[in-house]
Each structure stands twice: as C-alpha cells, then as structure tokens.
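J.: generate coordinates for the sequence data below:
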Amino acid sequence: MTDRYAAAAGGAVLLWATKALAAGLALAHLSVIQVLALQFGAAAAVLFAARRRSAPAVHPRAVAVGVVGLAGAIALQYVAFAAAPLIAANVIAYAWPVMVAAWLARRGAGGRAPLVLALAGFAGLVLILTQGGNAGGEAGAPLLGYAAALGSALAMAWYTLAAGDAPGSRADLLLIATATGAAATIPLAAAQGGSWSPAGAVALGLYTGAGPMAAGYALWTYAMSHPAGARLAPVAYATPLLSTLVLVAAGERLSPLGFIGCALIVLCAAGVLLDRRGLAPEQAPARRRAAEALLVERRVDADERDLRGKAGSAERVDPPLAARRLG
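T.: Numbering: from 1, shown residues only. This next block holds a predicted model:
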C-alpha cells in the first residue's frame, strides 16, 4: 500500500480528533443549534460542490441510516458538549466501539475478546456517569449531557453496523445526512435570533463541517479506495484516543475517577482496533482459516453453478448430443 493512502487515512483521523475541541470553543459563544447549523451547512455545501453528479441517489433505508445514525449522532454529541464536561462527553460519545464490541459479543463473533472489551468499556462509562462529572461542577448537572453523549454513541454504533447494508454509496449517505441536518437547523438558528459573534466562533463552527466532516470524509474515502484499503479501516478507532489527548493538551480537566473511566473506554477502543486488525495471536490464525475456508466454499459453489449452467446450455442446444453423452 502506497504512503499517500496511509497519509490520507491518518489525515482524516487527525481532523476528526480536532472536532471536539473546535466544537467546544464554538459552543462557548454560540448555541447548539447555531453550531449545528454551521457544521451541517458547511459540510453539505462542500460535499455537494465536490460531487460529479447533480443529486444523490435517494433510498428510504439510506435516508434513515444517514439521518438517524449520522445526523442524529452529531446533534446529540453537540448537546452533550454543551451540557457536560467536554472531555467526558467526548469520550462517551466516541464510545461507539464499546457498543460495536457488545454487539459482536452478543452474536458470539470473535471469541471472548469483544466481551472483555465491552465489559471494560461499560465499566468506564459507569465511572464517568457516576463520578466523572463531579470535578467542580454542580452534582447531577451534566446528566443530560451524559445521556445525550450515550445516545450519540448508540446512534453512531448503529450507523457503523447498518451503513454497510444501506443502498447507495457512503458519499450519498453523508450528503443526505448533512443536507437534512442543514435544512432542519438553519431555519431554527435563524428563528432563534441569537448573536453570530465573535467571528472566531463562527469560523470554528464552519471548520467542524468543512474540516472534520467533509474533508475528513473525503480523505478517508480516498484511503479506502485502495484495493487493500480495508487494512487501514481500523485506524479510525484511534480517534477517541487522539481526541482525548487534544482536549487534555488544551487544558480540559476531569476528576481522577473520570479519567480512569475515560482510560477504560479508550483502552476498549484500542482493543477493538487491535482485534479488528487480527493482532490477537490466539484469534488471528483461526479467523484466517475460517475466512479461507469460506472463500474456498464459495469458489466451489460458483464452479458447480457454472458447470450446471454449461450442462443445461448443452441440452438446450443439442439434445441428441446430451443424450449420447448420458448413454
């Protein structure tokens, strides 16, 4: 795999890691609806301008996945950023690998690793929800934010699991989600009548749409266009770790138990990353053998169907010849 594809994947993850800090700084001066309108509007404009076709292919299931899974996750994430300690809200919202691990464990996929990772991640969530927000704020005040962050993680986990089966391309899904979000939030923000200042906060809101959402997606799509792009896909799970480090470097603070909870969630995300890359030594060979066996089985089935099709064609074209062969 060439370096430019890996660089594109890394660039996408770096952009995604800056979103929480940019959104938090914008929310210090603007309302949630205003920041969402800026993000959805900027992302939809950039994505539409970059399209080669005039309009996306609209499928009801794709609309549901894009709007509920992606736009819903972002809207709830920003409610969480505004109502709860930023670093805790960010880690919970990025805990969707915990939900994915729990789903895989429920289905019995991947052995014990998803179950262990899910338990560790949920332990981290419990620590944050019960103790993480009491770092100088009012007791119980961030509960709404934590609930919104948890809802965001659930929505993103569902999007991750459902997007692969949704009709249409990922580009169509993202454009539908951002356009719907812009159509819903821009009129609300205008009717709200709030001040659109300072300019720096507005610029940060626009950046979250044009940067992490549109440019980040474009870089990621380019990285995944490589024939071996699937090998880079698990790099996305590094986003929670990098995003947390960015917030800590910017001076965000949390209680000690809150940090322990964040660490457990980040470790869960890292574990999912390693597990998806097949680096767990006791699982990788078995998975590889299972995949190879499935591939052989599919090839055999395809060969059998091909042979049956050729035999049927011979009978239809020359029945006597087929009869002679059987005789």
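
J.: domain parsing for this protein?
T.: Each structural domain of the chain that the record assigns through automatic domain parsing is listed here as a residue range: 3-97+138-245, 290-326.

J.: so can I have JSON lines of those domains showing distance to Ala263?
T.: Glycine gets a C-beta too; all of them are placed from N, C-alpha and C. As requested, the domains of the chain are arranged in JSON lines below (distance: least, CB to CB, whole Å):
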{"stretch": "domain 3-97+138-245", "distance to Ala263": "9"}
{"stretch": "domain 290-326", "distance to Ala263": "33"}
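
J.: highest average neighbour count across those domains?
T.: Per-stretch averages of neighbours, counted by mean count of other CB atoms under 10 Å, single out domain 3-97+138-245 among these, with a mean of 20.

J.: what about that domain, start to end distance?
T.: For domain 3-97+138-245, the first and last residues are 25 Å from each other (CA to CA, to the nearest Å).

J.: hang on, the earlier thing: comparing the domains of the chain by mean pLDDT, which bottoms out?
T.: Mean pLDDT is lowest for domain 290-326 among the domains of the chain, at a mean of 47.

J.: which strands and helices sit next to the helix or strand containing Tyr146?
T.: Element membership of Tyr146 [criterion: DSSP states H and E] is helix 143-162. Contact here means 3 or more CB pairs under 8 Å, 6 or more residues apart in numbering; DSSP states H and E; on that basis helix 143-162 packs against helix 72-83, helix 86-93, helix 96-107.

J.: quick one: that helix to helix 72-83, angle?
T.: Between helix 143-162 and helix 72-83, the angle comes out at 160 degrees (axes from the mean of the first three to the mean of the last three CA atoms, to 10 degrees).

J.: now the element after helix 143-162, going C-ward?
T.: Downstream of helix 143-162, the first helix or strand assigned by DSSP H and E is helix 170-192.

J.: quick one on the thing from earlier: distance to Cys268 for the helices and strands packed on helix 143-162 - can I get that in JSON lines?
T.: What follows is these, written out as JSON lines (distance: least, CB to CB, whole Å):
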{"stretch": "helix 72-83", "distance to Cys268": "18"}
{"stretch": "helix 86-93", "distance to Cys268": "10"}
{"stretch": "helix 96-107", "distance to Cys268": "5"}
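
J.: so for Ala148, which of those helices sits nearest?
T.: Nearest to Ala148, of all those, is helix 72-83, at 4.1 Å by CB to CB.

J.: list of residues touching that closest one?
T.: 20, 23-24, 27, 32, 35-36, 39-40, 89-90, 92-93, 96, 141-142, 144-146, 148-149, 151-153, 155-156, 159, 181 (CB atoms under 8 Å, 6 or more residues apart in numbering).

J.: tell me, how many residues neighbour Ala249?
T.: Ala249: 9 surrounding residues under other CB atoms under 10 Å.

J.: sec struct for the residue nearest to Ala201 when sequence neighbours are not counted, please.
T.: Computed as CB to CB, 6 or more residues apart in numbering, the closest residue to Ala201 that is not its neighbour in sequence is His29, at 4.0 Å. In the three-state summary, His29 is assigned as coil, counting by DSSP: H, G, I helix; E, B strand; the rest coil.

J.: residues touching His29, list them.
T.: Applying CB under 8 Å, 6+ apart, the residues near His29 are 197-198, 201.

J.: now, which of these sits nearest Pro167?
T.: For Pro167, the nearest member of the contacts of His29 is Ala201. The distance, counting by CB to CB, is 38.1 Å.

J.: the helix or strand that the closest one is a member of versus helix 72-83: what angle between them?
T.: Under the criterion DSSP H and E, the helix or strand holding Ala201 is helix 199-208. Between the direction of helix 199-208 and that of helix 72-83, the angle (the same axes, to 10 degrees) works out to 150 degrees.

J.: helices or strands next to helix 199-208 in the packing?
T.: Using 3+ CB pairs under 8 Å, 6+ apart, the elements in contact with helix 199-208 are helix 19-27, helix 32-49.

J.: redo that, cut-off 10 Å
T.: Under the contact criterion of 3 or more CB pairs under 10 Å, 6 or more residues apart in numbering; DSSP states H and E, helix 199-208 touches helix 19-27, helix 32-49, helix 72-83.

J.: residue contacts, the residue nearest to Val100 when sequence neighbours are not counted?
T.: Ranked by CB to CB, 6+ apart and with sequence neighbours excluded, the top spatial neighbour of Val100 is Ala157, at 5.3 Å. Neighbouring residues of Ala157 by CB atoms under 10 Å, 6 or more residues apart in numbering: 69, 73, 95-103.
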